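# just a sequence and a predicted model for now, questions to come.
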Amino acid sequence: MNLPRWFRGASVVTLILLMVSRGWPQNGPAHETVLDLKVEVADLVLRGTIQAIQRHMVGQFQEVAVTVKVLETIKGENQSTIEVADSTNSGFQQPYYDDWQAAGHEFLWFLRKPATGESAFSLSPDIDHKSLIPLVRDIRSLTPAGISSSFPPGYLTAEMRVLRNPDEILAAVRNAAAYRPTKKSECYISVIGPPGCEVGVPYRMLLWPSDGYVQYVQMPVDERMETLCRRMIQRPDELWMMPAGNSSRTYEVPDPERSALAREQGVRCLRSFRSEANIALLRTVAKEGPAPSTPYYRGPRFDPVGVAAETLESWGIIAR
């Protein structure tokens with residue numbers, strides 16, 4: 001759908017805000033973007049409160065102009081205020097800007113510079129559409145009683161830490177903005193899509209999982225992703241012992257299958273990082289014998305040994 005664009009004022013920056021609710025149906029596994037990648041792909045990362053709101057109708061669309069008072073510029077050029085233009089079909093649920101303004105809620109804004117031929121900033125491209133993060137203790141305060149929040153209960157980092165406390169989220173975003181990767185690579189999945197590269201993780205790790213034993217996180221394609229790949233291969237049990245992103249038991253796997261699930265996904269994501277050390281690691285995995293299977297288990301089987309051999313072959317290396 002092509003939404004109308006609206007902007008005004010030369011003294012403030014204008015951006016297009018598209019709010020996407022989690023109530024929209026999903027097919028297959030979910031994808032969530034780690035905080036580190038949100039920061040990496042954004043040109044401007046701000047912390048601010050809502051200062052003023054204006055609304056008017058253009059056909060079937062309601063356009064909401066939100067002036068944001070900038071409290072902190074975490075990444076990019078410093079500005080005192082920004083103006084947000086939210087063009088939304090009038091039949092959809094509108095964000096509760098007035099309530100957020102009255103309460104003085106702070107948000108993190110992840111923004112992208114205007115493209116060629118455009119004059120407005122926009123929310124940074126993000127596969128889970130969460131480029132606006134509230135810094136509140138209880139997200140239930142952002143919507144009236146009885147209405148589900150469009151914000152997740154927490155956010156993931158590249159280390160697979162689940163952050164729910166706003167102070168921890170803010171600290172992680174500041175650290176990510178200061179981080180300088182030393183080992184950039186390319187995602188082995190050569191398709192045009194969301195930023196970063198997808199890495200399969202157990203269902204328990206996502207805040208808002210969908211269908212499937214394996215869900216996906218979008219990672220920056222550098223040493224942070226490689227570290228996670230190797231970690232899942234060498235220390236797979238850690239992903240089952242650390243705090244989970246959700247409490248659902250829908251897609252649990254038996255204990256004997258857990259290690260194989262994590263290790264197979266680690267092998268798959270390591271394909272983006274060919275090196276002598278990773279070749280040696282995958283050769284070791286490819287020589288392992290078959291893992292014991294769980295009797296009467298009818299769920300999916302995971303095969304890190306076979307996938308390691310396939311990855312080596314994709315690099316032109318025979319597994320020996």
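That came in fine, so what should we check first? Residues are numbered from 1 along each chain as shown.

# and this structure, what are its domain boundaries?
Per automatic domain parsing, the structural domains of the chain span 1-179, 183-320.

# what comes up buried for stretch 222-239?
Neighbour counts using 16 or more other Cβ atoms under 10 Å place Asp222, Arg224, Met225, Glu226, Leu228, Cys229, Arg230, Arg231, Met232, Ile233, Pro236, Leu239 of stretch 222-239 among the buried residues. C-beta: built from backbone N, CA, C; applies to glycine.

# just the residues you listed: which are in strands?
Among the buried residues of stretch 222-239, no residue falls in strands (DSSP state E).

# farthest-apart pair in these, please.
Spatial extent of the buried residues of stretch 222-239 (Cβ to Cβ) is set by the pair Asp222 and Pro236 at 21.9 Å.

# quick one: which of the buried residues of stretch 222-239 is nearest Tyr251?
Leu239 (13.8 Å).

# quick one, phi/psi of the closest residue to that closest one other than its chain neighbours?
Once flanking residues are discounted, Leu239 sits nearest to Ala262: 5.1 Å by Cβ to Cβ, 6 or more residues apart in numbering. In terms of degrees, to the nearest 10, the main-chain angles of Ala262 are phi -70, psi -40.

# in contact with Ala262, which residues?
By Cβ atoms under 8 Å, 6 or more residues apart in numbering, the contact set of Ala262 is Val201, Pro202, Met232, Pro236, Asp237, Leu239, Trp240.

# does the fifth one touch Ala260 like I think?
If I follow you right, that is Asp237. No - in this structure, Asp237 is not within contact of Ala260 by Cβ atoms under 8 Å, at 11.6 Å.

# can you pull up the bridge partners for Met57?
Counting by DSSP bridges, Met57 is bridged to Gln62.

# tally of neighbours for it?
When neighbours are counted by other Cβ atoms under 10 Å, Met57 registers 9.

# do you know the pLDDT at it?
The model reports Met57 with a pLDDT of 77.

# how many neighbours does Ile53 have?
The number of residues packed near Ile53 is 15, by other Cβ under 10 Å.

# wait, a strand at it?
Yes - counting by DSSP: H, G, I helix; E, B strand; the rest coil, Ile53 is part of a strand.

# separation between it and Gln62?
12 Å (Cβ to Cβ, to the nearest Å).

# also Leu206?
Noted for Leu206: a distance of 32 Å to Gln62, by Cβ to Cβ.

# when these two are compared, which one has more neighbours?
Legend: neighbour count by other Cβ under 10 Å for Leu206 and Gln62, higher for Leu206 (24 against 17).

# quick one: low-confidence ranges for the stretch 151-300 of the chain?
Scanning the stretch 151-300 of the chain with the threshold set as pLDDT under 70 gives 190-193.

# so where do the strands sit in it?
Here the stretch 151-300 of the chain has its strands, by DSSP state E, counting those that start in this stretch, at 155-156, 162-163, 197-202, 214-219.

# once you drop chain neighbours, what's closest to Leu206?
Leaving aside its chain neighbours, Leu206 sits nearest to Gln215 (4.6 Å; criterion: Cβ to Cβ, 6+ apart).
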